[in-house]
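A.B. asks: can't give you the sequence, but here's the structure:
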């Protein structure tokens, strides 16, 4: 018997592009004119700034089945926390730039939104013993590892259920549209697999 408890979810949206980045990622128009001209490489490098981070924590209350000769069940709480990141893959992205009309169309192919496995630090995982009464059948490392591995698998699923894919796509649109607007370009940005499926 166990229950899942989501302790914290936090979304960190990275959308800050400084003037130095704009200068580095663009080149002046012919003859040294001041009008910036965007490039496909610049767009792809800026898109890498579009990331979403989820800080997720889970707890699992677990009871260990007792043997026939034992009177009481052992029980413990396992806990784990980690960071799940959303980003975009630009390898198969279609980018069309109309310099004359200063318009950019960006189409992300299906599967362009990537969701990482959780990053877990050495102090982000542990266990609290509630009851361990059976001398011949105590809680052991195998019990702890099974519970903790079960928890780790839920962290990414928690982020997916909360819509990390949609939030990542929205962040990519925001970062890219702001970047292009700063250079005087209108933009049309789409993802093939929107709307992203709701996870259960």
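C.D. replies: That came in fine, so what should we check first? Computed from a predicted model, the values in this text were never measured in an experiment. Numbers count the residues shown, from 1 in each chain.
A.B. asks: all contacts plus neighbour counts: C-alpha atoms, from now on.
C.D. replies: Fine.
A.B. asks: okay, and the beta partners of residue 186?
C.D. replies: For residue 186, the beta-bridge partners are residue 103 (DSSP bridges).
A.B. asks: what packs against whichever helix in the chain runs longest?
C.D. replies: Using DSSP state H to define each element, the chain has its longest helix at helix 141-161. When contacts are defined as 3 or more Cα pairs under 8 Å, 6 or more residues apart in numbering; DSSP states H and E, helix 141-161 sits against strand 52-64, strand 74-88, strand 125-131.
A.B. asks: what helices or strands is the helix or strand hosting residue 174 leaning on?
C.D. replies: Element membership of residue 174 [criterion: DSSP states H and E] is helix 164-182. Contact partners of helix 164-182 among helices and strands, from 3+ Cα pairs under 8 Å, 6+ apart: helix 40-47, strand 52-64, strand 74-88, strand 113-115, strand 186-191.
A.B. asks: just want the angle from that helix to strand 74-88.
C.D. replies: Relative orientation of helix 164-182 versus strand 74-88 (axes from the mean of the first three to the mean of the last three Cα atoms, to 10 degrees): 30 degrees.
A.B. asks: lowest-confidence helix or strand of this protein?
C.D. replies: strand 4-6 (a mean of 34; mean pLDDT, DSSP states H and E).
A.B. asks: tell me how far the residue nearest to residue 73 when sequence neighbours are not counted lies from residue 75.
C.D. replies: Leaving out its chain neighbours, the residue that sits closest to residue 73 by Cα to Cα, 6 or more residues apart in numbering is residue 66, at 5.2 Å. Using Cα to Cα, to the nearest Å, we find residue 66 at a distance of 10 Å from residue 75.
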